[in-house]
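Engineer: let's see this in three dimensions:
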Amino acid sequence: MTIAANHPRFLLFLICAFASAGQMAIDIYVPALPAMAQYFASTPHAIQWTVTGYMAAYAVGQLVFGPLADAYGRKPILALGMLMFTLGCVLTLTASDLETFVLARCLQGFGIATTNLLAKAIITDSFSGMALMHAFTYMSIAWGLGPILAPVIGAHLQTAFGWRSCLTFLLLYSLLMWALLWRYRETLKQPVHLNPRTLLRNARLVLASPVFQSCFLAQGLCYAILLVFNIVGPFMVQSTLHKPPTYFGYQALAIGLMYFLGGISNRIHHPRLPTPEQRLRIGAYAMTAAAVVMLLLALTVGLQIWTLTAPVLFMGFCAGAMYPTLMAKGNSIFPHIAGLTSAILGFALVMVSSAMMGLAGFVSITSLTPLAVFYVIVGLVVIAMVRKLLFHLKHPAPVVAFNKPQVAE
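Structural biologist: Next up is the predicted model:
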């Protein structure tokens, strides 16, 4: 049976496909980073800029496209972003030097920012109540499928056809998204005035929210747990521990699967089980405890496959369990400016993740201790942000009347 355009099931499929796109574009080729460093005759730190540059452009793209999508609609802005991403895919396949390749990755990141950003806006446009929470859960799970599937796919593609085959896969994936976009009907009900005064007023309203502040930092750091592992792990596993690319691919698969299971856990409800807010607190403390265990193992056992992988497996589960609630709380605070809210939240959390990845580029690939210390600090900050979020959810600040979002007549 054909599902009509904008039927809830079609929307969920579109949202999931778009949500996973940004992750696929990162994780599909992380097992090939050592081979790429050799091809471009660069250092591990230099080749990691292909990921960091992508993430920075991804963050800026959300900030640009969010207000445009509130003013001109979701579909035309998605088409513009998809065009940039597809062109970036073609350019990565033809790049002959690292500088051109990094620029192509930035174009990919800038364009693909529209998919994850507007998937969240489409959810806010189309769902409410528990249906909204469930839609964000499905989106978060789809986002988590990137770390599960992409490294394994990329590792096997690289082994069979070389590292550029990973980039061909992204080009083919963009064609799937074009097909879905063709069937999608606009969901924006009331456009927002696109002028500097309105943007600044609405942005001030979003940025002043303690709920927003807590969500973006906690989300960004949870996201960074997986991203940092995906850019440091290949060098630890392949260069230091001398394992093949497929070994890291399955290692990343296991960690992504734990994230996936953490997200699925949000679908389990029972009066005796913790509430979503209680799960946030439990997840933050459990994630930090795993990082402390990792540090103790680093100081006593040293860098081994299991001392690297086991703590990150547990942290991945905790991050997956926390992420849907953080995403829903952060994106639904101002539904009348869902595009702008998603844009600012996406920009902020990706910039946090990019900053963490930039710092991780200086982490030693021969010792586990610096990475473990990094994760302990991340966990402690997440605990502080979750406590702040829960306090302000329980004691919401009054909304100032003159800051009400302005929409078009």
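Engineer: and Leu299, what does it touch?
Structural biologist: Under the criterion of CB atoms under 8 Å, 6 or more residues apart in numbering, the contact list for Leu299 reads Thr369. Quick note: C-beta positions are derived from backbone N, CA and C, even for glycine.
Engineer: please, which helix or strand holds it?
Structural biologist: Leu299 is located in helix 276-300, with elements delineated by DSSP states H and E.
Engineer: for the next helix or strand after that helix, packing partners?
Structural biologist: Per DSSP H and E, the first helix or strand lying C-terminal to helix 276-300 is helix 305-331. Using 3 or more CB pairs under 8 Å, 6 or more residues apart in numbering; DSSP states H and E as the contact definition, the elements that helix 305-331 packs against are helix 98-126, helix 129-161, helix 210-234, helix 245-264, helix 276-300, helix 338-360, helix 369-394.
Engineer: and helix 305-331, how far out from the chain's middle?
Structural biologist: Averaged C-alpha coordinates place helix 305-331 at 12 Å from its chain's average position (CA atoms, centre = their mean, to the nearest Å).
Engineer: what angle separates it from helix 245-264?
Structural biologist: Regarding helix 305-331 and helix 245-264, their directions subtend 40 degrees when assessed with axes from the mean of the first three to the mean of the last three CA atoms, to 10 degrees.
Engineer: just the CA coordinates for stretch 242-253, please, in CSV.
Structural biologist: What follows is stretch 242-253, C-alpha atoms only, in CSV (Å, rounded to 0.1, in the frame of the first residue of the first chain):
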residue,chain,number,x,y,z
HIS,A,242,47.5,-2.8,14.8
LYS,A,243,44.0,-4.0,14.0
PRO,A,244,42.4,-3.8,10.5
PRO,A,245,39.9,-1.2,9.5
THR,A,246,37.0,-3.7,9.7
TYR,A,247,37.9,-4.4,13.4
PHE,A,248,37.3,-0.7,14.2
GLY,A,249,34.1,-0.8,12.1
TYR,A,250,32.6,-3.5,14.2
GLN,A,251,33.8,-1.8,17.4
ALA,A,252,32.0,1.3,16.3
LEU,A,253,29.0,-0.9,15.4
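Engineer: buried sites along the helix holding Leu299?
Structural biologist: Taking 16 or more other CB atoms under 10 Å as the neighbour-count basis, helix 276-300 is seen to contain the buried residues 276, 279-281, 283-284, 286-291, 293-295, 297-298.
Engineer: elements contacting the helix or strand of the chain with the lowest mean pLDDT?
Structural biologist: The element with the least model confidence among the helices and strands of the chain, by mean pLDDT, DSSP states H and E, is helix 338-360, at a mean of 74. Contact partners of helix 338-360 among helices and strands, from 3+ CB pairs under 8 Å, 6+ apart: helix 49-72, helix 98-126, helix 196-207, helix 210-234, helix 305-331, helix 369-394.
Engineer: now these in TSV, with distance to Tyr39?
Structural biologist: Listed next are the helices and strands packed on helix 338-360 as TSV, based on distance: least, CB to CB, whole Å:
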stretch	distance to Tyr39
helix 49-72	12
helix 98-126	9
helix 196-207	42
helix 210-234	14
helix 305-331	26
helix 369-394	26
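Engineer: list the contacts for Val237?
Structural biologist: Each residue near Val237 by CB under 8 Å, 6+ apart is listed here: Lys243, Tyr247, Phe248, Gln251, Ile305, Leu308.
Engineer: first-to-last residue distance for stretch 119-138?
Structural biologist: Using CA to CA, to the nearest Å, the gap from the first to the last residue of stretch 119-138 comes to 11 Å.
Engineer: no wait, stretch 91-102
Structural biologist: Termini of stretch 91-102 sit 10 Å apart (CA to CA).
Engineer: so how far is it off the chain centroid?
Structural biologist: Taking CA atoms, centre = their mean, one finds the center of stretch 91-102 at 24 Å from the center of the full chain.
Engineer: run through who's touching it.
Structural biologist: For stretch 91-102, contacts defined as CB under 8 Å, 6+ apart pick out 40, 42, 46-47, 49-50, 53, 103-105, 107-108, 164, 167-168, 170-171.
Engineer: for it, buried residues please.
Structural biologist: Of the residues in stretch 91-102, those buried by neighbour count under the rule 16+ other CB under 10 Å are Leu91, Thr92, Ala95, Leu98, Phe101, Val102.
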